[in-house]
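A.B. asks: quick one: sequence and predicted model below, then my questions.
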Amino acid sequence: MQDAQSLSQKTFSSPVSINHPNKDGVPQSSNGHEILDLPHNSMCQALPVLFRVLISNLQKEIEKQLAVRSTRKRRSDFQYDYEVYHSLDEIKSWMFEMNRTHPHVVDMFSIGRSYEGRPLYILQLGKRTHPYKKAVWMDCGVHAREWIGPAFCQWFVKEALNSYRTDPVMRRLMNHLNFYIMPVFNVDGYHYSWTTDRLWRKTRSRIARYQCRGVDANRNWKVKWCDEGASSHPCDETYCGPYPESEPEVKAVARFLRKQRKRVKAYISIHAYAQMLLYPYSYKYATIPNFTCVESVAHNAVNALYSAYGVRYRYGPASTTLYVSSGSSIDWAYKNGIPYTFAFELRDTGHYGFLLPESLINPTCTETTRAVKTIASGLLKKCSRGKPAAAPGHPRFSL
Ligand SMILES: [Zn+2]
């Protein structure tokens with residue numbers, strides 16, 4: 001564990017998703033406050049920037065969460081607690097358990113190995129009704145420190161398995177679709193964030209001649225690779241890697257999706273934090289060809305999410321809603337023929353940030369489940385391209 005000073009510098013100097021530049025290139029939070037994207041706290045005194053302290057003692061907050069963990073009751077597998085964060089080993093055991101106890105609707109398999117040799121496990125969910133079914137891909141934990149991601153993937157699996165017999169919407173989804181769910185994409189990074197550095201983001205690969213390790217797994221895809229919004233320096237948080245698909249985790253998922261691209265109609269990637277639902281393009285300010293259909297699905301999804309607890313998500317193209325980034329998975333999936341590709345930025349908007357308390361797992365996952373079900377249901381309807389865009393009053397963007 002690092003000391004509080006270095007942790008807080010790291011938090012505020014990282015190009016986290018909340019830092020999105022406005023037209024003038026000034027990083028702003030979603031409520032319009034300019035926020036810190038500076039290498040040293042001393043610069044705050046030197047420069048006339050507006051900032052707010054969100055967590056006054058970050059180290060204490062991290063220790064508090066770890067303390068809760070060590071004292072809480074460990075439960076047996078079949079009473080798995082979905083309202084706490086789980087280590088990689090616990091998630092792996094849980095996946096085996098889901099596979100063992102639901103043989104008619106779950107299939108577990110590995111699509112490759114991580115840099116450090118860990119298997120990359122997927123859970124396939126769906127009734128074996130047709131030999132050829134449309135599919136939805138969902139990955140969580142691309143960025144190691146975004147622990148709410150893996151918590152959500154597990155929550156969604158639990159919801160699907162518990163409700164498909166009684167909930168007509170879930171039954172329809174399980175009958176007509178297959179879900180490919182990857183609860184932890186960046187397994188090495190996730191493990192590292194549990195054992196060594198809670199705020200680790202990247203993979204754990206080594207680059208020859210450099211001390212710094214890891215590549216940003218959401219900048220490593222072969223689509224406008226290492227252009228705007230990505231860094232070519234191995235020590236940066238948005239390092240794009242030595243070449244596209246250099247990371248075995250990215251390569252494995254890309255290979256799987258290329259093989260399945262005729263079936264996979266939606267790609268969903270779960271991140272945190274910003275409370276946004278984003279779709280392509282990330283790398284340029286331009287409108288996607290099926291914009292009307294995608295925007296309509298996004299509109300319905302954020303409304304479904306809002307209906308749970310009144311939490312508002314902004315939505316729109318990633319480039320204009322969050323920031324420009326090249327080599328991202330949603331752009332890659334879209335370019336490879338998957339018509340609906342989304343990235344969620346879950347709760348919150350910066351109060352706890354990556355350290356979202358376990359007490360917020362339930363509401364965050366409950367509302368997000370509604371949004372994901374809406375997206376999946378959208379695949380079972382026809383979208384006519386001539387449909388008008390969403391009603392005015394929703395977040396707009398310049399194109
Ligand atoms: Zn992320």
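C.D. replies: Ah, there it is. Residues are numbered from 1 along each chain as shown.
A.B. asks: tell me which residue of the stretch 151-300 of the chain lies closest to the ion.
C.D. replies: residue 271 (3.3 Å; Cβ to the ion). Quick note: C-beta positions are derived from backbone N, CA and C, even for glycine.
A.B. asks: so whichever residue of the stretch 51-200 of the chain sits closest to the ion: helix, strand or coil?
C.D. replies: Nearest residue of the stretch 51-200 of the chain to the ion: residue 143, at 3.5 Å (Cβ to the ion). Following DSSP: H, G, I helix; E, B strand; the rest coil, residue 143 is assigned to coil.
A.B. asks: what's the local residue count around residue 87?
C.D. replies: Residue 87 has 14 neighbours, counted by other Cβ atoms under 10 Å.
A.B. asks: which bits of the stretch 1-150 of the chain sit near the ion?
C.D. replies: Residues of the stretch 1-150 of the chain that fall close to the ion, judged by Cβ under 5 Å from the ion: residue 143.
A.B. asks: packing partners for the helix or strand hosting residue 175?
C.D. replies: Using DSSP states H and E, residue 175 sits within helix 168-176. The contact analysis (3 or more Cβ pairs under 8 Å, 6 or more residues apart in numbering; DSSP states H and E) places helix 168-176 against helix 148-163, helix 361-378.
A.B. asks: burial measure for the residue of the stretch 51-200 of the chain closest to the ion, as a count.
C.D. replies: By other Cβ under 10 Å, 28 other residues sit near residue 143.
A.B. asks: my read: it touches residue 201, true?
C.D. replies: Yes - assessed by Cβ atoms under 8 Å, residue 143 is found in contact with residue 201 at 4.9 Å.
A.B. asks: could you pull out the helices in this protein for me?
C.D. replies: For the chain, applying DSSP state H gives helices covering 4-13, 42-46, 58-71, 88-101, 148-163, 168-176, 187-195, 248-259, 291-309, 318-321, 329-335, 361-378.
A.B. asks: how about the residues of the stretch 151-300 of the chain by the ion?
C.D. replies: Counting by Cβ under 5 Å from the ion, the residues of the stretch 151-300 of the chain lying close to the ion are residue 271.
A.B. asks: for residue 158, grab the count of nearby residues.
C.D. replies: 16.
A.B. asks: ok, the nearest residue to it once chain neighbours are set aside - contacts?
C.D. replies: Distances taken as Cβ to Cβ, 6 or more residues apart in numbering place residue 82 nearest to residue 158, at 5.7 Å, with adjacent residues excluded. Residue 82 sits next to 151, 154-155, 158, 361-362, 365 when contact means Cβ atoms under 8 Å, 6 or more residues apart in numbering.
A.B. asks: of those residues, just the buried ones, PyMOL syntax please.
C.D. replies: Written as a PyMOL command, the selection of buried residues from those, which uses 16 or more other Cβ atoms under 10 Å, is:
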select buried, resi 151+154+155+158+361+365
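A.B. asks: and the contacts of residue 82 as TSV, adding pLDDT?
C.D. replies: As requested, the contacts of residue 82 are exported to TSV (pLDDT from 0 to 100):
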residue	pLDDT
151	98
154	98
155	98
158	98
361	98
362	98
365	98
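A.B. asks: hang on, the earlier thing: what touches both of residue 143 and residue 201?
C.D. replies: By Cβ under 8 Å, 6+ apart, the residues touching both residue 143 and residue 201 are 189, 216.
A.B. asks: one step back: do you know the pLDDT at the residue of the stretch 151-300 of the chain closest to the ion?
C.D. replies: As predicted, residue 271 sits at a pLDDT of 98.
A.B. asks: that one touches residue 143, doesn't it?
C.D. replies: Yes - between residue 271 and residue 143 there is a contact at 6.2 Å, judged by Cβ under 8 Å.
A.B. asks: overlap in contacts, these two.
C.D. replies: Joint contacts of residue 271 and residue 143 (Cβ under 8 Å, 6+ apart) are 149, 218.
A.B. asks: who touches stretch 120-132?
C.D. replies: Taking Cβ under 8 Å, 6+ apart as the rule, stretch 120-132 contacts 92, 95, 98-99, 104-114, 133, 135, 157, 160-161, 164, 174-185, 187, 249, 252-253, 256, 263.
A.B. asks: just the CA atoms of it, as PDB, please.
C.D. replies: Extracted C-alpha coordinates of stretch 120-132, given in PDB (Å, rounded to 0.1, in the frame of the first residue of the first chain):
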ATOM      1  CA  LEU A 120      -9.900 -15.600 -19.200                       C
ATOM      2  CA  TYR A 121     -13.200 -17.000 -18.200                       C
ATOM      3  CA  ILE A 122     -16.600 -16.300 -19.800                       C
ATOM      4  CA  LEU A 123     -20.100 -17.300 -18.700                       C
ATOM      5  CA  GLN A 124     -22.500 -18.000 -21.500                       C
ATOM      6  CA  LEU A 125     -26.100 -17.600 -20.400                       C
ATOM      7  CA  GLY A 126     -29.200 -18.600 -22.400                       C
ATOM      8  CA  LYS A 127     -31.700 -21.300 -23.000                       C
ATOM      9  CA  ARG A 128     -30.600 -23.800 -25.600                       C
ATOM     10  CA  THR A 129     -33.700 -23.100 -27.700                       C
ATOM     11  CA  HIS A 130     -32.300 -22.500 -31.100                       C
ATOM     12  CA  PRO A 131     -29.000 -23.700 -32.600                       C
ATOM     13  CA  TYR A 132     -28.500 -20.100 -33.900                       C
END
